[in-house]
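**Student:** When you get a sec, could you give me coordinates for this:
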Amino acid sequence: MSNTYLIALFIAGTLLLVLFAFFMVIFLVIQKQKQSAYLLEKQKTKFTHQNEILKTKIEVQESAMREVSKEVHDNIKSKLAGIEVNLKRLKSGGSNEIQERLLGNTIEMIESTIQDASKISHSLNSEFIKRKGLAAMIKNELEYLIISQDIDCNFELAGEVQEIANDKALQVYRIVQEALQNILKHAKASKIVIRLDYSIPGQLIMNIIDNGVGFDADNALSFSNGEGLMNMRQRAEILDAELEIQSAPLAGCNISLMLNINNGSESAYKDSHS
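**Tutor:** Residues are numbered from 1 along each chain as shown. Below is the predicted model:
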């Protein structure tokens, strides 16, 4: 074998190794770029999701503030105005019978105003729900409807009560309030049932059922009660929960919320006030 052949073989082998190394480098660079692009897209998706959640939270908070403002303006302000009128009439004098009647009416209005203000404060405070318990808060809402609206209301509890994070419990409670407001405004219902089901470990299933006039659930957001339903869906999205609305004209409504419970949260509590 001549030296020329060996040199040619050596050069060819070296070129092949160089080409192999070159293509390996290109391959690794391309793979690295793909990996970087994937991670970037993943971060972008995560950021977009977080941004959407934040946007939803802000919209829900703004909606809650609008409801508080409306409640203060339409309810508390009108009661305070009535109290002012009564006090002016008391100041102007009159018979003892009239003054006693005005005084009694004024005291009732003051007590009612205090209860309404307290109710608004509690509905926005997760710490209060923690102390009181989600079940007890929902019962209070139903008892208020029984007294004020003469509606047959029932509360049902199934399974062993499990822990729910404070912020999640507040959102669930606000969904209940939103649903009850929708029922009062639009449903013309004579019966309401709210059921909390803890039968499945790590999960809460809530049903809010009424026997009202119902609506077309497929086109619900185009109706006048669409804002309330949208608020409930937004809160469910914040909870990362599933919300289903089953209804039809003249067939009542069943709102179902399926929520995974975070038992590991430091801010969780056991809703044992049932």
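
**Student:** mind listing the strands for the stretch 51-200 of the chain?
**Tutor:** Remark: strands assigned in the stretch 51-200 of the chain by DSSP state E, counting those that start in this stretch are 152-158, 163-165, 191-197.

**Student:** Out of these, which gets the lowest mean score?
**Tutor:** The weakest mean pLDDT among those belongs to strand 163-165, with a mean of 87.

**Student:** that older thread, tell me which of the strands of the stretch 51-200 of the chain sits most buried.
**Tutor:** Mean neighbour count (mean count of other Cβ atoms under 10 Å) peaks for strand 163-165 among the strands of the stretch 51-200 of the chain, with a mean of 22. Using the backbone N, CA and C atoms, a C-beta is placed for each residue, glycine as well.

**Student:** and it, how far out from the chain's middle?
**Tutor:** 14 Å (Cα atoms, centre = their mean, to the nearest Å).

**Student:** packing partners for that strand?
**Tutor:** strand 268-270 (3 or more Cβ pairs under 8 Å, 6 or more residues apart in numbering; DSSP states H and E).

**Student:** How are the helices of this structure distributed by residue range?
**Tutor:** Assigned by DSSP state H, the helices in the chain fall at 3-71, 77-91, 96-123, 126-132, 134-149, 166-182, 226-239.

**Student:** Next, format those as TSV and append distance to Leu204, mean neighbour count and mean pLDDT.
**Tutor:** Below are the helices of the chain laid out as TSV (distance: least, Cβ to Cβ, whole Å; neighbours: other Cβ atoms under 10 Å; pLDDT from 0 to 100):
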stretch	distance to Leu204	mean neighbour count	mean pLDDT
helix 3-71	19	11	72
helix 77-91	36	13	77
helix 96-123	19	14	77
helix 126-132	14	17	73
helix 134-149	9	16	86
helix 166-182	7	22	88
helix 226-239	10	19	84
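
**Student:** and of those helices, who's closest to Ile205?
**Tutor:** helix 166-182 (11.2 Å; Cβ to Cβ).

**Student:** For the residue most central in space within the chain, give its distance to Phe22.
**Tutor:** By Cα atoms, centre = their mean, the chain has its centre lying nearest to Arg235, at 2.7 Å. As for Arg235, its distance to Phe22 is 57 Å (criterion: Cβ to Cβ, to the nearest Å).

**Student:** swap in Ala165?
**Tutor:** Counting by Cβ to Cβ - Ala165 and Phe22 are separated by 56 Å.

**Student:** so how far is Gly252 from the closest residue to Gly228 other than its chain neighbours?
**Tutor:** Spatial nearest neighbour of Gly228, excluding adjacent residues (Cβ to Cβ, 6 or more residues apart in numbering): Asn182 at 4.2 Å. Asn182 sits at a distance of 13 Å from Gly252 (criterion: Cβ to Cβ).

**Student:** what's the answer for Leu170, then?
**Tutor:** 27 Å.

**Student:** need the contact list for the residue nearest to Gln99 when sequence neighbours are not counted.
**Tutor:** Take Gln99 and drop its neighbours on the chain: the residue closest to it by Cβ to Cβ, 6+ apart is Leu90, 5.9 Å away. Counting by Cβ atoms under 8 Å, 6 or more residues apart in numbering, Leu90 makes contact with Gln99, Leu102, Leu103, Thr106.

**Student:** Name the nearest of those residues relative to Gln35.
**Tutor:** Once Cβ to Cβ is applied, the member of the contacts of Leu90 that ends up nearest Gln35 is Thr106, at 73.4 Å.

**Student:** so how far is Ile76 from the closest one?
**Tutor:** Distance from Thr106 to Ile76, by Cβ to Cβ: 15 Å.

**Student:** next one: Asn211
**Tutor:** Counting by Cβ to Cβ, the gap from Asn211 to Ile76 is 31 Å.

**Student:** same thing with Ile147?
**Tutor:** Counting by Cβ to Cβ - Ile147 and Ile76 are separated by 18 Å.

**Student:** Likewise for Asn86?
**Tutor:** In terms of Cβ to Cβ, Asn86 sits 16 Å off from Ile76.

**Student:** now Gly252
**Tutor:** Distance from Gly252 to Ile76, by Cβ to Cβ: 32 Å.

**Student:** Likewise for Ile151?
**Tutor:** 23 Å.

**Student:** cool, and Asn254?
**Tutor:** Separation of Asn254 from Ile76 (Cβ to Cβ): 33 Å.
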